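A.B. asks: got a predicted structure here, sequence first:
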Amino acid sequence: MTGVLAVCLVVAVVNWLLAHWWVLALIGVLAALAGAGWFHEQRRRAEWEAVRARGLRHELAALDALHHSRFEEAVRDLMFRDGCRDAVRVGGRGDLGADVKATDPYGRRWVIQCKHRRNGLAGSAVGTPDLQVLNGTARQVHGADVAVIVTNGRATAPAVTFAEQQRLHVVDRHTLGVWASGSRPLWELLGSVPPPRKPTALS
């Protein structure tokens, strides 16, 4: 009985639509307009993101004022600006020492730990224990080719020495300022970055 009622209902709806064909035409026009509007908005956003990424700049004072999660997002955006199209923020509980991951145009996998200091240079310095966490997970867990710790503050001398010994990179306030306010990619500012993993148009 239910099946018969369903068939009758479908037939009735079809007959009504055939008699009022303009309703179908109106629905089609509205759907086309909505689709065109959605496509235009997506293209506009993509174009804006491309323009924003090319011209992205950050001043140190602005970075100092950020919440630590926003600081991680700013680092992600700078990597994206430099051509790392898969740059992603992964920081949070259980991140295992990785706040940002990205693959540069040369195929190298970057794993970045961010240490934000509200007071900049006056804040606590990044120490060896912070580097030990990065050293223990960046390559073994996250598959990093380049392991970096980024801070808007400073690092202790033992931490810098440990980083050099373990092939880690420390981006301190000075380097961050040059990177964030300029247009040079981070790999041009760091020494001893591994060679490209694969041939590219840039290599």
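C.D. replies: Okay, I see it. Residues are numbered from 1 along each chain as shown.
A.B. asks: mean confidence score for the helix or strand P129 falls within?
C.D. replies: Under the criterion DSSP states H and E, the helix or strand holding P129 is helix 128-137. Taken as a whole, helix 128-137 has a mean pLDDT of 94.
A.B. asks: same check, this time on stretch 22-35
C.D. replies: Average pLDDT, stretch 22-35: 79.
A.B. asks: break this protein into its domains for me.
C.D. replies: Listed by automatic domain parsing, the domain ranges of the chain are 2-54, 60-189.
A.B. asks: so V29 lies in a helix, does it not?
C.D. replies: Yes: applying DSSP: H, G, I helix; E, B strand; the rest coil, one finds V29 inside a helix.
A.B. asks: and the strands in the protein?
C.D. replies: Remark: strands assigned in the chain by DSSP state E are 88-89, 100-103, 109-115, 146-151, 169-171.
A.B. asks: partners of the second one, with directions?
C.D. replies: Read it as strand 100-103. Here strand 100-103 is paired, per DSSP bridges, with strand 88-89 (antiparallel), strand 109-115 (antiparallel).
A.B. asks: surely G177 and L60 touch.
C.D. replies: Yes: here G177 reaches L60: they are 4.9 Å apart, a contact under CB atoms under 8 Å. C-betas here are computed from N, CA, C, even on glycine.
A.B. asks: what is the least confident helix or strand in the chain?
C.D. replies: Within the chain, confidence by mean pLDDT, DSSP states H and E is lowest for helix 21-54 among all helices and strands, at a mean of 66.
A.B. asks: in the chain, where is pLDDT below threshold?
C.D. replies: The model of the chain has pLDDT under 70 over residues 1, 3, 24, 40-55, 91-95, 198-203.
A.B. asks: number of nearby residues for the nearest residue to L66 once chain neighbours are set aside?
C.D. replies: The shortest distance from L66 to any non-neighbouring residue, by CB to CB, 6 or more residues apart in numbering, is to A74 (6.4 Å). Using other CB atoms under 10 Å, A74 has 23 neighbouring residues.
A.B. asks: for stretch 99-116, list every residue counted as buried.
C.D. replies: For stretch 99-116, the neighbour count (16 or more other CB atoms under 10 Å) marks 99-106, 108-116 as buried.
A.B. asks: actually, stretch 116-132.
C.D. replies: Of the residues in stretch 116-132, those buried (16+ other CB under 10 Å) are H116, R117, G120, G123, A125, V126, T128, D130, L131.
A.B. asks: which member of these is positioned nearest Q140?
C.D. replies: L131 (14.7 Å; CB to CB).
A.B. asks: wait, the closest one touches L168, no?
C.D. replies: Yes: using CB under 8 Å, L131 makes contact with L168 at a distance of 5.8 Å.
A.B. asks: what residues are shared contacts of those two?
C.D. replies: I149, F162 (CB atoms under 8 Å, 6 or more residues apart in numbering).
A.B. asks: residues touching V4, list them.
C.D. replies: Contact analysis of V4 by CB under 8 Å, 6+ apart lists nothing.
A.B. asks: what bridges to V88?
C.D. replies: Under the criterion used (DSSP bridges), V88 bridges to K101.
A.B. asks: isn't it up against A102?
C.D. replies: Yes: taking CB under 8 Å as the definition, V88 is a contact partner of A102 at 7.2 Å.
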